[in-house]
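K.L.:
Give me a 3D structure for the following:
(3 chains)
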Amino acid sequence: MREPMIKPDVMRISWGPQHPMSGQTRILLDVDGERVHRIIADLGFTHRGIEKILENRTFFSGIIPVDRMAMVDTANMSIGYVTAIEKAAGIEVPERAKWIRTLVCEMSRINSHLYAFGLQAESTGYFPAVFLWTTVDREILLDLFEELTGARWSFNFFFPGGVHQDLPDGFREKVLKAVKYLRGRFKDYWGAMVENPLFENRCNGVAILEPKDALRLGATGPVLRGSGIDIDMRRDEPYDAYGDVEWEVITEDACDVMARTKVRFHEIGQALNIMEQIAQKIPDGPVKGRVNAFMRVPEGECISRVEAGRGELGFHLFTNGTGNPYRVKINSPTLRNMYVFERLAELNEVFIADIPVIINSIDPWYLDADR
Amino acid sequence: MSKISAADFVKAFQKAHPKAVKSIESTDPRRANLVVNNESFLDAAKSLRDNFGFLMPVSGGAIDYPDDNRIQMIYYLMHPSSRFMLTYRVDLNRDDPNMPSLTPVWEAMSFHEREAHEMFGIEFEDHPNMIPLLLPPEWKGGHPLLKDFKGEGKQ
Amino acid sequence: MNSNTLFAGTLTSLVQANQFSLLNIPSMIIEFLALNSKPLLQVLLLPGLGFILGFAIFAVWFERKFLARAMLRVGPYYCGGRSGVLQVFADFLKLFMKEIIIPASIDWPFFVAMPVFLSTIPSLALLLIPFDSNWVLWDVGSLSLPMFFAIMGISPLIPIFSGWASNNKYSFIGAWRVAYMYISGEISLVICAAGVAIMAGSMDLVKIVEAQRSMWFAVPQFIGFILFFLGIFIESERTPFDIPVAEVELVFGWRTEYSGILFGFTMMAEYVLFQAWTLMFVTLYLGGFNGPVIMGMPTASHIFWLLAKFMVLVVFIILLRCVFPRLRMDQMITLGWKYMTPLALLNLFFVIVMKMLGGV
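P.N.:
Presented below is the predicted three-dimensional model:
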């Protein structure tokens, strides 16, 4: 790789793709003793060219690659694309479909945040107890997904105009039972992670990101909200039923790794509240609008921004009157946060042992950075 | 920075930089589109950041119009207090697309300009670290997101 | 050694009586076995080969099963019925049959020799631990306590050598982390052990245990008790101090390049170190083999009490693995120099004062 030159008194370690905690990417660390002087993120290991693929597919079949941009958080990826198409084509979505979409998106968000916790706990050296607890708890959500949509991940449930199927019988009671169970587990996680003195030792005061730096470097999602800035696309650009249920935007002021972890915790709590309200108050009605699968969208462009688990996801859709989009530009949250990660070594004193903790507090999912 | 709505921003910017603007409009309370001329691109960007409060860089991308023989480079910016999104655009000649880099103004645009360079062939002047971001280092296929791209290995 | 002299006397009297013929060979073999039975038993069973290997096997199985329950799993389930006891044997057999991959650019002799030393040097130190007043395999008398620390002082050098010999950046970082950790942690342990020796009046481990007959040294020297307990974790590189082998940061620290049976040796060595230090902890602070005599067999009951205390500690230490995350290197160094060493000196001061006032 044509990477920047190594200075003479540092050692460059390649936290390469074969590493227990690097994810699907390579991170180069310039190390002097235990202190990290520079971080260089080498992305692109999972680049699939989704933007180019979408230009050659119809609108409906384009939802399939978009789902696979972040499997652990599927619904939030596809809702962005679907909302963009609906805005560009002027399609109305029935009320019940909007509520079902919100329910699935919030379940997806809980899925994504639980996965992030498990990795965060494992990155501090916590022999994978918490990671396996979260895997077990995610099974509850994945079973609900399977019952509703037929697949556990990547379910292609949304399309422009509604959702594929209505809720099956007894689903609302199952959702309420799942909410009650997860709320009970919440206390276990809080005790095991946030109140554990060694975990606090590893996470308090590590990688502080001041609010002005967070804005300037383009942070998004829990990274931004952990620095005290409340920007959340669900409130700022309401889509689906987020305007109809009661919830709050969570921010924390401590700006360090522990603040971001707490933001994710409380967002799970808020998501559980939203799920409960939806299961209780969902209106009746149809769930699919009348839409042609080979639809043509008039010429124009449209930007839609949604809040995925990792941050703000944007789709800028250019159409030219045919059945395929002309260009889809995807604004990925992880790509923005990876720039913040690179600059953290200059803003703070970072040790090698902090690197996995910091990575998992930023919670990257490299498949949506690479698209 | 105080709150300013999209429509007011459009009027204020038009008044402040009448010669730089090629076209400016606000189609939605949360969206604004701005196309500038190539010469005043960097100054208008600095004015957006300093005078109008667009501190938050969101993203950057490009789009290829082979029929008009132009590539349009789009930067997405957000106003932190008013929360509306501005798309800041400039048109480049398709045969020789080069433009000043916006990293001196918003440094987070570094990754997005690297991606635009490898996908469209746009040359950015004064970029601190122009190496490919997503494509593999042995890539020999040209620029993938151009409309006449035929695949790796075929020019 | 009274029983041995009895048997020796029989043999010499036989030889002197000149009744040496071929018919005496079976009885000579029995004489030989009976004469050397106790050392043979010690070398083969307790505290020698059988104890060390048996504990390693038991500890691996127990850790896997026990921690699996904490993680809502079941652990080994198929080999050996539902309990999975044969899984450890299966894994060792598999490791024997795997290919040992040795990269071309490493320092060959050091690389291959280090895992062997890694298990044998702590085993050597383990032979000093007394299981009964006259059940010590390596009896060096009044030098046994310093001998233990002298041998265990060599054991950090082995990961450092293997980390350097592996010619790999991750191993190199693991090697220097070992150096940092042991430098910070070991001084306080030696000072605590010195406090125990002063209170017992001797550096012989048997006499230290016998001095605790009335009260375990954990009670008057509770600071030393806690510090030495932390020291078990530091010296055997167990969580929360498994910093040199932090799997999420450095792929496997100084063990990265080892594969096949060399890897098996490094895994086993972790348990041998753990065993040696825990037994030393029990000997110094928890009364060693002291305990009420069961059924009139003093030797066997002493061995039983030592093993019982050892087992309780082993379970507790294994349980701590799944509760705590890991410390960072600079936090470990701060702990070692700012807290543990001054506290150890304070403990030593208290012990000297108590001894001078003629108390304990």
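K.L.:
Now do the same contact list for residue 117.
P.N.:
In the absence of a named chain, this looks at chain A. A:130, A:134, A:189, A:193, A:261, A:264, A:265 (CB atoms under 8 Å, 6 or more residues apart in numbering or on different chains). Placement of C-beta: from N, CA and C, glycine included.
K.L.:
try again with chain C
P.N.:
residue C:158.
K.L.:
For it, give me the backbone phi and psi.
P.N.:
phi -60, psi -30 (degrees, to the nearest 10).
K.L.:
Helix or strand: which one has the closest residue to chain B within the stretch 251-360 of chain C?
P.N.:
Going by CB to the nearest CB, chain B is nearest to residue C:251 of the stretch 251-360 of chain C, at 23.4 Å. Residue C:251 is part of no helix or strand when elements are defined by DSSP states H and E.
K.L.:
Neighbours of it, how many?
P.N.:
22 (other CB atoms under 10 Å in any protein chain shown).
K.L.:
and the residue nearest to it when sequence neighbours are not counted, how many neighbours does it have?
P.N.:
Once flanking residues are discounted, residue C:251 sits nearest to residue C:170: 5.2 Å by CB to CB, 6 or more residues apart in numbering or on different chains. For residue C:170, the neighbour count with other CB under 10 Å is 22.
K.L.:
Double-check that residue C:170 belongs to a strand.
P.N.:
No. When classified by DSSP: H, G, I helix; E, B strand; the rest coil, residue C:170 is found to be helix rather than part of a strand.
K.L.:
check contacts around residue B:42.
P.N.:
B:100, B:102, B:104, B:105.
K.L.:
and with 10 Å instead?
P.N.:
B:36, B:99, B:100, B:101, B:102, B:104, B:105, B:125, B:126 (CB atoms under 10 Å, 6 or more residues apart in numbering or on different chains).
K.L.:
Just those residues: which are in strands?
P.N.:
B:36, B:99, B:100, B:125 (DSSP state E).
K.L.:
about what we covered before: just the ones in strands from the contacts of residue A:117, please.
P.N.:
Per DSSP E, these never map to strands.
K.L.:
circling back to that earlier point, in ChimeraX, select just the buried ones from the contacts of residue B:42.
P.N.:
Burial among these is assessed by 16 or more other CB atoms under 10 Å in any protein chain shown; the matching ChimeraX selection reads:
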select /B:36,99,100,101,102,105
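K.L.:
Let's have the contacts of residue B:42 in CSV, adding pLDDT.
P.N.:
Listed next are the contacts of residue B:42 as CSV, based on pLDDT from 0 to 100:
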residue, pLDDT
B:36, 86
B:99, 86
B:100, 87
B:101, 87
B:102, 87
B:104, 87
B:105, 86
B:125, 85
B:126, 81
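K.L.:
Just put the contacts of residue B:42 in TSV and tack on distance to chain A.
P.N.:
Formatted as TSV, the contacts of residue B:42 follow (distance: CB to the nearest CB, whole Å):
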residue	distance to chain A
B:36	18
B:99	17
B:100	19
B:101	15
B:102	12
B:104	13
B:105	11
B:125	19
B:126	16
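K.L.:
which one of the contacts of residue B:42 is nearest residue B:53?
P.N.:
Checking the contacts of residue B:42 against residue B:53 with CB to CB, the nearest one is residue B:105 at 13.3 Å.
K.L.:
Against chain B, how distant is the residue lying closest to residue C:205 once chain neighbours are set aside?
P.N.:
Counting by CB to CB, 6+ apart, residue C:205 lies nearest to residue C:144, which is 4.4 Å off, once chain neighbours are set aside. For residue C:144, the distance to chain B equals 61 Å [CB to the nearest CB, to the nearest Å].
K.L.:
From the rest of the structure, what touches the helix or strand that contains residue C:144?
P.N.:
Taking DSSP H and E as the definition, one finds residue C:144 inside helix C:144-154. Helix C:144-154 has contacts (CB under 10 Å, 6+ apart) with C:117, C:121-130, C:136, C:138, C:140-141, C:143, C:182, C:186, C:189-190, C:193-194, C:196-197, C:200, C:202-208, C:235, C:273, C:276-277, C:279-280, C:283-284.
K.L.:
The stretch 101-250 of chain A against chain C: which residues are in contact?
P.N.:
The stretch 101-250 of chain A comes close to chain C at residues A:119, A:121-133, A:135-137, A:192-193, A:196-203, A:206, as judged by CB under 10 Å from any CB of the partner chain.
K.L.:
quick one: low-confidence parts of chain C?
P.N.:
Scanning chain C for pLDDT under 70 picks out C:1-24, C:34-35, C:246-248, C:296, C:359-360.
K.L.:
Leaving out the residues flanking it, which one is nearest to the residue of the stretch 1-150 of chain C found nearest chain A?
P.N.:
Nearest residue of the stretch 1-150 of chain C to chain A, counting by CB to the nearest CB: residue C:71, 4.2 Å away. The shortest distance from residue C:71 to any non-neighbouring residue, by CB to CB, 6+ apart, is to residue A:132 (4.2 Å).
K.L.:
now that neighbour: how far from residue A:248?
P.N.:
31 Å (CB to CB, to the nearest Å).
K.L.:
Can you pick out the residue with more neighbours from the two?
P.N.:
residue A:132 (18 against 13).
K.L.:
so what strands line up beside the helix or strand that contains residue A:330?
P.N.:
Per DSSP H and E, residue A:330 falls inside strand A:325-331. In the sheet, strand A:325-331 lines up against strand A:311-319 (antiparallel) (DSSP bridges).
K.L.:
Measure how far the strand it pairs with is from the centre of its chain, please.
P.N.:
Relative to its parent chain, strand A:311-319 has a centroid offset of 15 Å by CA atoms, centre = their mean, to the nearest Å.
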